[in-house]
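> using only what follows, build the 3D model:
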Amino acid sequence: MKLVFEKAAVKALARVPAKRAAAVVAALKRIARDPFARHANVKRLTGTKDGFRLRHGDWRALYYLARATDQMVVVNVKTRGEAYK
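Residues are numbered from 1 along each chain as shown. As a prediction, this is how the structure comes out:
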């Protein structure tokens, strides 16, 4: 699957410390290779059909799978306290 970042996710990654941002992007790339396999620290979001979140320390990457276009779209990257508001 192709990994795509929305504008809000790119802006949010710029605020994340560089080492942590690189680790989050690396984890997202691993997930994009096989998004339907079980991955550590990934949970399905309730209330959405193909919405998921990746937990990496205190940071959360929110994404969904666009099956029609074969894309994994990262919506945003936020801290734990901000992610679920």
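> show me the contacts for the residue nearest the centre of the chain.
Against the mean C-alpha coordinate of the chain, by CA atoms, centre = their mean, the closest residue is Ala61 at 3.5 Å. Going by CB atoms under 8 Å, 6 or more residues apart in numbering, Ala61 touches 9, 24, 27-28, 53-54, 74, 76-77. Every C-beta, even on glycine, is put in place using the N, C-alpha and C of the backbone.
> ok, 10 Å please
Applying CB atoms under 10 Å, 6 or more residues apart in numbering to Ala61 gives the contacts 5, 9, 12-13, 16, 24-25, 27-28, 31, 41-42, 52-55, 74-78, 83.
> just give the nearest non-adjacent residue to it, would you?
Excluding its sequence neighbours, the residue lying closest to Ala61 (CB to CB, 6 or more residues apart in numbering) is Leu54, at 4.2 Å.
> quick one, strands of the protein?
Remark: strands assigned in the chain by DSSP state E are 2-5, 42-44, 51-56, 59-66, 71-79.
> tabulate those (CSV), appending distance to Pro35 and mean pLDDT.
Shown next, in CSV, are those (distance: least, CB to CB, whole Å; pLDDT from 0 to 100):
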stretch, distance to Pro35, mean pLDDT
strand 2-5, 10, 96
strand 42-44, 9, 94
strand 51-56, 8, 94
strand 59-66, 6, 94
strand 71-79, 6, 94
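> Throw these into a markdown table and include distance to Arg20, thanks.
Below are the strands of the chain laid out as a markdown table (distance: least, CB to CB, whole Å):
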| stretch | distance to Arg20 |
| --- | --- |
| strand 2-5 | 16 |
| strand 42-44 | 17 |
| strand 51-56 | 7 |
| strand 59-66 | 6 |
| strand 71-79 | 10 |
